[in-house]
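*Asks:* Pasted the sequence and its predicted model underneath.
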Amino acid sequence: MFLLNAIPGLIQTSLKRNVVLCRMVLTRTFSSRLVLGIETSCDDTGAAVMDETGLILAESLHSQKDVHLKTGGIIPMVAQRLHKENIARVVHEVLDKSGIGPRELSAVATTVKPGLALSLGVGLEYSLNFIQQHKTPFIPIHHMEAHALTVRLIQPLPFPFLVLLISGGHCFLAVARDIDDFLLLGQTLDEAPGDTLDKIARRLCLAKHPKCAMLSGGQAIELLAQEGDRLKFHFKSPMGQHYDCNFSFAGVRNQVAQSINKTEEAEGIQQGEILSCANDIAAAIQHTIASHIAKRTHRAILFCKAKGLLPQSNPCLVVSGGVASNTYFRKALKIVTDATNLSLLCPPPKLCTDNGVMIAWNGVEKLREGRGIMSYNDEVRYEPKAPFGTDISVQVKEANIRLPPLKLKINH
């Protein structure tokens, strides 16, 4: 009786497997070129296998998040060791899942810049050994370019478009004109927004908070801010008298630190204890950073329109990078794009953070165009600090664009 009842389910499962297999066979018949993407720029070991239509055949990711949460931040030598311990397994996993043999690959695409030197070195060393063993072409990938173009995997988006990249290590505004052609409008002058949020979360001791124990600093700030009153603390938005598109976050972090010191003294608690007003501080700093990012992006849009850098029909702002997953930031940017008649596009949160899929996709785009493809015998080096596009930030500053009033009324 059990077998009879199970037969319809078995048939359905079998049919599903056959459909998947047929799709893979058809895909490989009409689109035989395959790319393996490898990502190790910071603390995530990622890999993916993709065909040139953008079909993800397999992906795998080993996150080091839990380890670094315990140490209060990313320690480069620890990240390096964990990459070394996991990279072979992660790559073998995607090859096994996809059913693709190493010699069936048309290219291996690997992040070589920018990022943590020790982390980049692990990915590049593994990739070079792999391509030399299997005689596979190699495509070096710029990490920020990959973030910028991930949205094109989700939907067909023509060039040019404006892109805002916000993460734990970077903050850029640029015009994407082609797969390897970017105009840099502005960047952070000190630290990245994700780094700022993490440092503030550590100063607030949010790792001890029962709701935040397993969250990153940025995630903890976003969570607590939902229950906070941002008006109870005031932090001055940075660079108000600088009419360009550059960013600065270190100064506002110092303002928060001073407020925390004063509040601890007023409440009579020691550093290391959680303030009763932590939610309010979280809400205030989140709004201040969101406002700063929104204003610089607003100016970038006005500059692009004045210079004819974006299409008149359906211009778009793409927001990506780990911090782009913050819904409050997205709402602030949506106010800006609505006011300037742009469409706001964000990849799914899973593709905003570092992953092998975005590297494979960037490799696919370059493979299609025949750009940046190297032989397995060519010399390749990693670059921890690498420029992003052609810097025209001086032109933005010279334009001296004053922003019209725009109220950022954001509901959680």
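*Replies:* Arrived safely, thanks for sending.
*Asks:* quick one: the strands in this protein?
*Replies:* With DSSP state E as the criterion, the chain has strands at 34-39, 44-51, 56-63, 107-113, 138-142, 161-166, 171-178, 181-187, 316-320, 343-345, 390-391.
*Asks:* Now mean neighbour count too, for those strands, in CSV please.
*Replies:* Placement of C-beta: from N, CA and C, glycine included. Formatted as CSV, the strands of the chain follow (neighbours: other C-beta atoms under 10 Å):
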stretch, mean neighbour count
strand 34-39, 28
strand 44-51, 27
strand 56-63, 19
strand 107-113, 27
strand 138-142, 24
strand 161-166, 26
strand 171-178, 23
strand 181-187, 22
strand 316-320, 24
strand 343-345, 16
strand 390-391, 14
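*Asks:* so which of those strands gets nearest Val357?
*Replies:* Shortest separation from Val357 across those is recorded for strand 44-51, at 4.4 Å, computed as C-beta to C-beta.
*Asks:* What strands flank the closest one, and is each parallel or antiparallel?
*Replies:* Sheet pairing here is set by DSSP bridges, and for strand 44-51 it gives strand 34-39 (antiparallel), strand 56-63 (antiparallel).
*Asks:* Throw those strands into a markdown table and include distance to Leu344 and mean pLDDT, thanks.
*Replies:* Below are the strands paired with strand 44-51 laid out as a markdown table (distance: least, C-beta to C-beta, whole Å; pLDDT from 0 to 100):
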| stretch | distance to Leu344 | mean pLDDT |
| --- | --- | --- |
| strand 34-39 | 25 | 98 |
| strand 56-63 | 24 | 94 |
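*Asks:* Compute the number of surrounding residues for Phe400.
*Replies:* Residue 400: Asn, not Phe. Asn400 is flanked by 8 other residues according to other C-beta atoms under 10 Å.
*Asks:* ok, now which ones touch the closest residue to it other than its chain neighbours?
*Replies:* Using C-beta to C-beta, 6 or more residues apart in numbering and skipping residues adjacent in sequence, the residue nearest Asn400 is Tyr243, 5.0 Å away. Residues touching Tyr243, when contacts are defined by C-beta atoms under 8 Å, 6 or more residues apart in numbering, comprise 299, 397, 399-402.
*Asks:* what about stretch 334-348, distance to the chain center?
*Replies:* On the basis of C-alpha atoms, centre = their mean, to the nearest Å, stretch 334-348 is displaced by 18 Å from the centre of the chain it belongs to.
*Asks:* ok so, going back, any figure for the gap between the residue nearest to Asn400 and Ala399?
*Replies:* Here Tyr243 is placed at a distance of 8 Å from Ala399 (C-beta to C-beta, to the nearest Å).
*Asks:* Can you lay out the strands of the chain as JSON lines showing distance to Pro210?
*Replies:* Compiled in JSON lines, the strands of the chain are given as follows (distance: least, C-beta to C-beta, whole Å):
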{"stretch": "strand 34-39", "distance to Pro210": "33"}
{"stretch": "strand 44-51", "distance to Pro210": "26"}
{"stretch": "strand 56-63", "distance to Pro210": "22"}
{"stretch": "strand 107-113", "distance to Pro210": "36"}
{"stretch": "strand 138-142", "distance to Pro210": "40"}
{"stretch": "strand 161-166", "distance to Pro210": "28"}
{"stretch": "strand 171-178", "distance to Pro210": "31"}
{"stretch": "strand 181-187", "distance to Pro210": "37"}
{"stretch": "strand 316-320", "distance to Pro210": "31"}
{"stretch": "strand 343-345", "distance to Pro210": "34"}
{"stretch": "strand 390-391", "distance to Pro210": "45"}
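*Asks:* Quick check: which of those strands is nearest to Asn261?
*Replies:* Across these (criterion: C-beta to C-beta), the nearest stretch is strand 171-178, sitting at 26.3 Å.
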